[in-house]
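Asker: Next come a sequence and a model predicted from it.
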Amino acid sequence: MPDLGDEGRWLIIEANDGKFYGTGGSWKRSGEWVGYGSLSEDDVSLDAALAAAHQWAAKYDVPTIWVQLAP
């Protein structure tokens, strides 16, 4: 994932030990920062992680979801 600086909107899913953990950050329309941390029920598969991440990305105008399948 490229360095987006302090103003960037980002979301990444990282694979680790067969699970898929999502983290991210964006800005609400009010200017307030909002963070994303995946829920354990969404970490069980890449499809579940992507579905949850896609919903959050759409809500907070994150244009790209990066996926890292290997460390």
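Answerer: Everything's here; your move.

Asker: Surely Val44 is in contact with Ala15?
Answerer: No: using C-beta atoms under 8 Å, Val44 and Ala15 do not qualify as a contacting pair, with a distance of 11.9 Å. Where C-beta positions appear, they are placed from N, C-alpha and C, glycine not excepted.

Asker: So which of those two has more stuff around it?
Answerer: Under the criterion of other C-beta atoms under 10 Å, the comparison of Val44 against Ala15 puts Ala15 first, with 16 against 12.

Asker: Name the nearest residue to that one, sequence neighbours excluded.
Answerer: Nearest non-adjacent residue to Ala15, counting by C-beta to C-beta, 6 or more residues apart in numbering: Leu69, 4.8 Å away.

Asker: okay, that neighbour: pLDDT?
Answerer: Leu69 is assigned 90 on the pLDDT scale.

Asker: what do you get for Gly5?
Answerer: 64.

Asker: Can you point out the buried residues in stretch 38-45?
Answerer: By 16 or more other C-beta atoms under 10 Å, the buried positions in stretch 38-45 come out as Ser38, Asp42, Asp43.

Asker: what residues does that stretch touch?
Answerer: Outside stretch 38-45, the residues within contact range by C-beta atoms under 8 Å, 6 or more residues apart in numbering are Ile13, Lys19, Phe20, Tyr21, Gly22, Thr23, Ala48, Ala49, Ala51, Ala52, Ala53.

Asker: what's the neighbour count on Phe20?
Answerer: Phe20: 23 surrounding residues under other C-beta under 10 Å.

Asker: ranges for the helices of the chain?
Answerer: With DSSP state H as the criterion, the chain has helices at 46-59.

Asker: List the residues that contact the residue nearest the centre of the chain.
Answerer: Centroid-nearest residue in the chain, with C-alpha atoms, centre = their mean: Leu11, separated by 3.0 Å. Applying C-beta under 8 Å, 6+ apart to Leu11 gives the contacts 22-26, 36, 53, 56-57, 62, 64-66.

Asker: That one bridge partners, please.
Answerer: Beta-bridge pairing for Leu11 (DSSP bridges): Gly24.
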